[in-house]
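Enquirer: Everything below, folded, please.
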Amino acid sequence: MVQTDRLKPELIVICGPTASGKTELAIALAKRLETEIISADSMNIYRGLDIGTAKPTQAEQREVRHHMIDILPPTADFSVGDYRERALQCVNAVAAAHKIPIVCGGTGFYINSLLYDLSYGKTAGNTEIRHRYEEMAREKGNQAVFDCLKQIDPETAEKLHPNDVKRVIRALEIYEQTGRAKSEMKDSFKPRVFYRSFSVDFLRGELYRRINSRVDRMFQKGLIEEVASLKRRGITAEMQSMQGIGYRETMRYLETGGRMEDLKEEIKMNTRRYAKRQITFFKRDPELKMLAVDSAESMAERIMEQIG
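Expert: Numbering: from 1, shown residues only. Below you'll find the predicted structure:
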């Protein structure tokens with residue numbers, strides 16, 4: 001049950017598209033609240049992926065303690081369910097120290113897994129249906145199962161990640177047993193905590209300029225060398241860690257060749273497209289408050305005023 005009568009939130013979310021200044025804002029706010037940050041970024045979890053992820057620097061991590069960063073080798077797979085299990089432990093530990101946890105990132109599926117109780121009503125499970133889709137996932141991959149859900153219930157599919165196989169299959173079970181889409185059921189997404197959510201309201205053109213500049217800086221810092229080093233260590237293009245924007249394109253460039261300028265432009269274009277999807281995703285949050293662009297310090301002060 002959401003405790004709307006409480007003055008202060010149990011959790012604060014700093015979300016939004018890539019290159020929108022989330023890390024800087026979260027750090028400024030965490031200093032004021034004397035609290036800690038839980039990363040909600042599906043690429044920051046991997047060790048050795050630093051430049052292409054724009055991961056918080058060691059200096060920034062010394063300023064404020066960060067969780068869910070550098071927790072896995074780049075050979076590992078990691079699902080939304082895995083994230084929820086480990087990140088909730090971090091959230092609970094911070095809260096137990098009488099601090100308000102700050103969740104910061106642009107992976108909406110990760111954030112939703114912490115904010116919402118993804119209930120599936122009282123529809124009983126069906127072992128036969130579940131095993132059929134589990135077998136499909138093993139033989140054809142998680143995306144094949146996810147595509148089945150997109151065909152029958154695109155609204156629920158938008159709220160889940162293809163690797164969150166357990167919940168994807170559960171939604172398919174419900175449909176096959178009831179003939180109703182999971183999204184039609186009243187108890188779809190229930191907030192599990194009283195939270196406040198904030199994002200920086202950049203004009204689209206300015207955000208795209210920031211994205212282009214960030215990509216240029218990544219190349220200057222050695223993105224190609226970083227990916228080449230991963231490749232020499234046995235990391236392949238098929239691994240989950242190499243599906244992130246910047247890594248998959250650079251891995252292909254190293255394997256097939258081409259012009260570096262074309263590689264840069266491809267990464268910029270793909271990042272802008274991803275940012276557009278992120279904006280659409282986060283604007284669905286009824287609690288989201290957009291902050292007028294200002295310095296991180298000023299925006300942190302405005303958040304402090306809003307949360308009491």
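Enquirer: Which of the three states applies to residue 290?
Expert: For residue 290, the assignment made with DSSP: H, G, I helix; E, B strand; the rest coil gives strand.
Enquirer: Now do the phi/psi pair for the closest residue to it other than its chain neighbours.
Expert: Among residues not flanking residue 290 along the chain, residue 201 sits closest, at 3.9 Å (Cβ to Cβ, 6 or more residues apart in numbering). All C-beta spots, glycine's among them, are computed from the backbone N, C-alpha and C. Backbone geometry at residue 201, expressed as degrees, to the nearest 10, gives phi -90, psi 70.
Enquirer: Residue 77 now?
Expert: Main-chain dihedrals, residue 77, degrees, to the nearest 10: phi -90, psi 150.
Enquirer: Report the contact partners of it.
Expert: Applying Cβ atoms under 8 Å, 6 or more residues apart in numbering to residue 77 gives the contacts 163, 240.
Enquirer: So the residue nearest to residue 290 is in contact with residue 292, correct?
Expert: Yes - using Cβ atoms under 8 Å, residue 201 is in contact with residue 292, at 5.9 Å.
Enquirer: Who has more neighbours out of these two?
Expert: Using other Cβ atoms under 10 Å as the criterion, residue 201 and residue 292 rank with residue 201 on top: 13 against 10.
Enquirer: Show me which positions of the helix ranked longest in the chain end up buried.
Expert: Secondary structure of the chain per DSSP state H: the longest helix is helix 260-282. By 16 or more other Cβ atoms under 10 Å, the buried positions in helix 260-282 come out as 263-264, 266-272, 274-275, 278-279, 281-282.
Enquirer: chain center to it, what's the gap?
Expert: The chain centre lies 15 Å from the centre of helix 260-282; the measure is Cα atoms, centre = their mean, to the nearest Å.
Enquirer: Show me what that helix is packed against.
Expert: Packing partners of helix 260-282 (3 or more Cβ pairs under 8 Å, 6 or more residues apart in numbering; DSSP states H and E): helix 108-115, helix 204-221, helix 247-256.
Enquirer: Can you say which of those helices is nearest to residue 23?
Expert: In terms of Cβ to Cβ, the element of those nearest to residue 23 is helix 204-221, at 11.8 Å.
Enquirer: Now the closest one: buried residues?
Expert: 207, 208, 210, 211, 212, 214, 215, 218, 219.
Enquirer: ditto for stretch 34-43
Expert: Neighbour-count burial for stretch 34-43 flags 35, 36, 37, 38, 39, 40, 41, 42, 43 (criterion: 16+ other Cβ under 10 Å).
Enquirer: of those, closest to residue 197?
Expert: Nearest to residue 197 among the buried residues of stretch 34-43: residue 40, at 11.5 Å, using Cβ to Cβ.
Enquirer: Find the nearest non-adjacent residue to that closest one, please.
Expert: For residue 40, ignoring the flanking residues on the chain, the nearest one in space by Cβ to Cβ, 6+ apart is residue 105 at 3.0 Å.
Enquirer: Am I right that the one you found is in contact with residue 22?
Expert: Yes - Residue 105 lies in contact with residue 22 (Cβ under 8 Å); the separation is 6.9 Å.
Enquirer: tell me the centre residue of this structure?
Expert: The residue lying closest to the centre of the chain (Cα atoms, centre = their mean) is residue 107, at 1.3 Å.
Enquirer: and the gap between that one and residue 113?
Expert: As judged by Cβ to Cβ, to the nearest Å, residue 107 and residue 113 stand 10 Å apart.
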